[in-house]
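What would the 3D arrangement of this be:
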Amino acid sequence: MQPDFKKYADGLVPAIIQDYKTQKVLMLGFMNEEALKKTEQTGQVSFYSRSKKRIWTKGEESGNYLKLKQILTDCDNDSLLIRAEPLGPVCHTGSDTCWSERNHSENFLLYLEEIIALRRNSNDENSYVYKLFKKGLNKIAQKVGEEAVELIIEAKDVNKDLFLNEAADLLFHFLILLQSKNATLNEVTQILKDRHGHR
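Numbers count the residues shown, from 1 in each chain. Have a look, this model is predicted:
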């Protein structure tokens, strides 16, 4: 059902954007009839910008698009609930949502894995991860080796903070190496689970 755009003088209706997987509310925007039609046709959520006075597609500059999954109209036919898949942070500040809430798995390592994937494909020359991937597999593997050696050295010392920092460095570069081999942390975890079941 189409919302009643004539209900408001400016022809705009509020559009609440919700992550279709996590159900987290991501942002609030406004749509006119043209923005809704473009959203339906392209599969990417578009809005009417009241400041720019034009239709804009979320992510048109950042690349963090909202991939359309479902459109619902409320009981009064004057607002929209749009369920979408966010392809990156939603807020212009870099936050997952416009209310600075986290919108990812509570498992931080899985979240970090997602961030590494975003950085890898970002074309951001200022990103350490992007630059490391550009140098190739050999350089990534070398970094893992270097971090492992540094961890061993700190393990022989008594400074726990230095040891933990080197452990974090090794884990971070291990995740990068996994992605360079098109492997995931879940695949490694599954192997450990399978081994555990046989012991």
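
For the helix ranked longest in the chain, give me every contacting residue.
When the chain is parsed with DSSP state H, its longest helix is helix 160-180. Helix 160-180 has contacts (C-beta atoms under 8 Å, 6 or more residues apart in numbering) with 109, 112-113, 116-117, 120, 129, 132-133, 137, 140-141, 143-144, 147-148, 150-151, 153-155, 157, 184-185, 188. Backbone N, C-alpha and C define where each C-beta goes, glycine included.

List the buried residues of that helix.
Within helix 160-180, the residues that count as buried by 16 or more other C-beta atoms under 10 Å are 163, 166, 169-170, 172-180.

With pLDDT and distance to P3 as extra columns, can I get those residues in a markdown table?
Converted to a markdown table, the buried residues of helix 160-180 look like this (pLDDT from 0 to 100; distance: C-beta to C-beta, whole Å):
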| residue | pLDDT | distance to P3 |
| --- | --- | --- |
| F163 | 97 | 58 |
| E166 | 97 | 56 |
| D169 | 98 | 51 |
| L170 | 98 | 53 |
| F172 | 98 | 46 |
| H173 | 98 | 49 |
| F174 | 98 | 49 |
| L175 | 97 | 43 |
| I176 | 98 | 45 |
| L177 | 98 | 49 |
| L178 | 97 | 45 |
| Q179 | 95 | 42 |
| S180 | 97 | 46 |
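
among the helices and strands of this structure, which has the poorest mean pLDDT?
Ranked by mean pLDDT, DSSP states H and E, the weakest helix or strand in the chain is helix 108-120, scoring a mean of 86.

Following element in sequence after it, please.
helix 128-135 (DSSP states H and E).

Outline the domain layout of this protein.
Domains of the chain are assigned by automatic domain parsing as 5-86, 108-197.
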